[in-house]
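K.L.:
next input, structure requested:
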Amino acid sequence: MATKASFTPEEWTLLLQSPMVAGMLVSAADPNGLFGLLKESFAAGGALVQARTDIGSSALVKAVAADFTTAEGRTAARDGLKARLARGTPGEVKARSLETLQQVAALLAAKAPEDAVAFKAWLTGTAQRVAEAANEGGFLGFGGVPVSDIEKATLAEIRTALA
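P.N.:
As a prediction, the model looks like this:
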């Protein structure tokens with residue numbers, strides 16, 4: 001089982017960024033106003049909290065989620081994301097985000113193959129949770145669909161990037 005010590009600081013930061021990247025990809029795919037964005041943000045945060053306490057979570061998932069409880073972990077993830085995703089068109093940011101998830105998949109295959117399936121499942125589960133957090137379309141939160149076609153396509157792209 002891989003631990004934080006199994007990775008360089010840069011690799012660990014990449015793992016820390018990955019749940020945020022997965023959630024942001026879905027949120028940005030089909031923006032849903034302020035309340036929708038808040039619901040989706042809370043869903044991503046809830047996935048981190050659940051991972052820390054879920055007895056079914058892998059040790060690596062728990063370690064990444066636990067690192068978010070520290071100021072150092074949150075700062076590393078945030079600063080790394082800013083550096084990776086701050087500039088460019090929405091299409092370029094999306095491409096770099098998917099590339100980040102591909103890098104995570106390659107890193108897991110190389111350094112934590114026994115944890116790779118569980119970690120990638122956690123990331124896709126986090127993205128799915130964000131997609132389902134707020135109805136898309138409708139009016140003032142009423143009506144609409146739980147997951148839009150654009151979000152479904154983004155979820156498929158996330159699964160492909162992590163494959």
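K.L.:
need the three-state assignment for Arg87.
P.N.:
Per DSSP: H, G, I helix; E, B strand; the rest coil, the secondary structure class of Arg87 is coil.
K.L.:
Ala2 now?
P.N.:
Classification of Ala2 using three-state DSSP returns coil.
K.L.:
mind listing what's buried along stretch 102-111?
P.N.:
Gln103, Val104, Ala105, Leu107, Leu108, Lys111 (16 or more other C-beta atoms under 10 Å). C-beta: built from backbone N, CA, C; applies to glycine.
K.L.:
below-threshold pLDDT in the chain: ranges please.
P.N.:
Within the chain, the ranges that satisfy pLDDT under 70 run 136-143.
K.L.:
try it again at 90.
P.N.:
For the chain, applying pLDDT under 90 flags the ranges 1-3, 5, 24, 26-58, 68-69, 73-74, 76-93, 130, 132-149.
K.L.:
wait, a helix at Ala66?
P.N.:
Yes. Counting by three-state DSSP, Ala66 falls inside a helix.
K.L.:
contacting residues for it?
P.N.:
Arg52 (C-beta atoms under 8 Å, 6 or more residues apart in numbering).
K.L.:
as CSV, the buried residues of stretch 102-111 with secondary structure would be great.
P.N.:
CSV is the format used below for the buried residues of stretch 102-111 (three-state DSSP):
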residue, secondary structure
Gln103, helix
Val104, helix
Ala105, helix
Leu107, helix
Leu108, helix
Lys111, helix
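K.L.:
can you verify my assumption that Ala109 contacts Asp115?
P.N.:
No. Using C-beta atoms under 8 Å, Ala109 makes no contact with Asp115, being 10.3 Å away.
K.L.:
show me which positions of whichever helix or strand Leu123 is part of end up buried.
P.N.:
Assigned by DSSP states H and E, Leu123 belongs to helix 113-131. Within helix 113-131, the residues that count as buried by 16+ other C-beta under 10 Å are 115-116, 118-120, 122-131.
K.L.:
cool, stretch 145-159 as well?
P.N.:
Result for stretch 145-159 [16+ other C-beta under 10 Å]: buried residues Val147, Ser148, Glu151, Thr154, Leu155, Glu157, Ile158.
K.L.:
take those and keep only those in strands.
P.N.:
Using DSSP state E, no member of the buried residues of stretch 145-159 falls within strands.
K.L.:
adding distance to Thr75, write those residues out as a markdown table.
P.N.:
Below are the buried residues of stretch 145-159 laid out as a markdown table (distance: C-beta to C-beta, whole Å):
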| residue | distance to Thr75 |
| --- | --- |
| Val147 | 32 |
| Ser148 | 33 |
| Glu151 | 29 |
| Thr154 | 27 |
| Leu155 | 29 |
| Glu157 | 28 |
| Ile158 | 25 |
